[in-house]
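Student: Got a predicted structure here, sequence first:
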Amino acid sequence: MNTDDVVRTFLDFYRERGHEPITGSSLLPPPSDPVLFTTSGMHPLTPYLRGRPHPQGRRLVNVQRCLRTTDIDEIGDLTHLTVFDMLGSWSLGDYGHPQSLRWGYELLRDGFGIPREKLFVTVFGGDEQVGPDLESLDTWRELGVPVESTRDENWWSNGPVGPCGPDSEIFHWTGDGPPEGVPTGDPRWVEIWNHVHMRLERREDGGLVPLRQVNVDTGMGLERFVSVLQGRRSVYETDVFEPWTRGVRTLWVLDERSLRIVCDHLRSSVVVLGEGVRPSNTGRGYVVRRLIRRLLTVLWRDDDSRTLTDLPEELTGGGTVRRLLLEEERRFSRLLERGRRVLSRPEFRGELGDEEYRCLHDTYGLPRELVVGLLR
């Protein structure tokens with residue numbers, strides 16, 4: 001299956017079971033939301049998970065584009081992405097968690113052709129406040145899927161306060177031989193889908209109270225799932241990234257980790273700039289600035305003659321997005337040149353302490369991470 005096939009199969013399955021497709025929200029939450037970017041499929045649905053009636057009903061399905069700034073430093077490995085799509089389904093006070101698990105298994109087995117022996121599931125084993133998730137444990141055993149009980153790994157929350165509850169994480173075996181071990185002990189078990197039994201709310205004092213309605217929220221990272229279905233070692237080897245990896249490889253010789261960073265950060269920057277965000281030193285603008293400067297740092301590590309002007313327009317989007325990318329490249333190049341001149345002064349030779357880093361930032365506009373990179 002290619003990516004379009006996966007999306008179509010997922011949406012059709014839930015439509016046939018009474019779920020209304022909803023349009024994915026913007027990557028930029030409304031001004032009243034303190035979060036910079038939409039981070040999950042459930043993020044825009046929070047009011048409805050708390051009990052407000054949704055205009056399209058109690059069973060919903062969609063594809064939501066997300067961005068997680070917490071993963072930026074992880075980019076370069078085989079699975080993490082800054083911008084990604086999330087397949088999601090919801091029951092807003094309608095059917096229960098066992099039904100969601102049964103449908104999930106049916107879709108994986110019949111819709112995507114994944115054999116049962118390639119699956120493993122983890123469930124919440126209980127803690128001081130909440131008992132073990134026996135309902136999910138019994139459902140998975142009934143379906144014949146092996147289960148491992150954990151603690152914190154299977155408790156979902158959207159932050160220190162707010163909706164929360166136990167979840168079932170579904171893993172797929174990616175090793176060469178027969179499946180072995182358990183998900184918490186063998187990285188060849190890769191998580192592909194999470195089903196959250198969202199039935200509680202955590203208060204400011206840490207206490208838990210029942211939500212006004214019991215919900216089910218499922219989330220499946222599209223790019224990671226496609227890589228599993230296509231038998232790829234990395235999300236960057238799927239059809240989603242093929243235009244990016246092919247385009248970058250034709251221009252520059254990069255090691256695999258550097259290639260992944262450049263492709264991810266370039267793609268993510270194009271998406272965020274396309275949403276109307278402009279590079280700056282604060283908020284959303286700082287996120288896109290950081291992405292562009294990190295990809296340039298990787299490009300220039302071995303060859304400072306490399307430039308984003310070499311990229312074909314089909315990768316940069318052309319027009320305003322391309323202009324902004326090139327402007328940021330010129331701005332960063334000037335900043336690096338100034339940084340090298342400043343760091344060559346006697347007072348900044350040798351090991352730098354917090355006072356020197358503060359001076360470089362406050363007096364010369366050189367962020368600490370930039371200085372560390374120049375010193376390397």
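Tutor: Okay, I see it. Numbers count the residues shown, from 1 in each chain.
Student: And the helices in the protein?
Tutor: Using DSSP state H, the helices of the chain run over 3-15, 46-49, 97-106, 134-143, 222-229, 242-251, 256-274, 283-300, 313-316, 319-343, 354-364, 368-375.
Student: by contact count, what packs against the last one?
Tutor: If contacts are counted by 3 or more CB pairs under 8 Å, 6 or more residues apart in numbering; DSSP states H and E, helix 368-375 sits against helix 319-343, helix 354-364. The way it works is simple: take the backbone N, C-alpha and C, and place the C-beta from them, glycine included.
Student: Over to the longest one?
Tutor: Taking 3+ CB pairs under 8 Å, 6+ apart as the contact definition, the neighbouring helices and strands of helix 319-343 are helix 256-274, helix 283-300, helix 313-316, helix 354-364, helix 368-375.
Student: Just the C-alphas of the fourth one, formatted as PDB.
Tutor: In this case it means helix 354-364. Output in PDB follows, covering the C-alpha atoms of helix 354-364 (Å, rounded to 0.1, in the frame of the first residue of the first chain):
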ATOM      1  CA  ASP A 354      27.600  31.200  31.800                       C
ATOM      2  CA  GLU A 355      28.700  34.900  32.100                       C
ATOM      3  CA  GLU A 356      30.400  34.800  28.700                       C
ATOM      4  CA  TYR A 357      27.400  33.100  27.100                       C
ATOM      5  CA  ARG A 358      25.100  35.800  28.500                       C
ATOM      6  CA  CYS A 359      27.400  38.500  27.200                       C
ATOM      7  CA  LEU A 360      27.500  36.900  23.700                       C
ATOM      8  CA  HIS A 361      23.700  36.700  23.700                       C
ATOM      9  CA  ASP A 362      22.800  40.100  25.200                       C
ATOM     10  CA  THR A 363      25.500  42.200  23.600                       C
ATOM     11  CA  TYR A 364      26.100  40.500  20.300                       C
END
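Student: Next one: the closest residue to R289 other than its chain neighbours from Y105, what distance?
Tutor: Leaving aside its sequence neighbours, R289 sits nearest to P279 (CB to CB, 6 or more residues apart in numbering; 4.1 Å). Distance, P279 to Y105, using CB to CB, to the nearest Å: 45 Å.
Student: what does R284 give?
Tutor: Taking CB to CB, one finds R284 at 39 Å from Y105.
Student: give the contact list for R58.
Tutor: 91-94 (CB atoms under 8 Å, 6 or more residues apart in numbering).
Student: next one: H80
Tutor: Counting by CB under 8 Å, 6+ apart, H80 touches 71, 74.
Student: Which pLDDT value does the model give it?
Tutor: pLDDT recorded at H80 is 91.
Student: State the phi and psi torsions of V277.
Tutor: With angles defined as degrees, to the nearest 10, V277 sits at phi -80, psi 140.
Student: wait, isn't it in contact with R284?
Tutor: Yes - under the criterion of CB atoms under 8 Å, V277 makes contact with R284 at 4.7 Å.
Student: what is in contact with the two at once?
Tutor: Taking CB under 8 Å, 6+ apart as the contact rule, V277 and R284 both touch L28.
Student: Mean pLDDT and mean neighbour count added to the helices and strands packed on helix 319-343, as CSV?
Tutor: Shown next, in CSV, are these (pLDDT from 0 to 100; neighbours: other CB atoms under 10 Å):
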stretch, mean pLDDT, mean neighbour count
helix 256-274, 95, 21
helix 283-300, 92, 21
helix 313-316, 88, 15
helix 354-364, 85, 13
helix 368-375, 78, 15
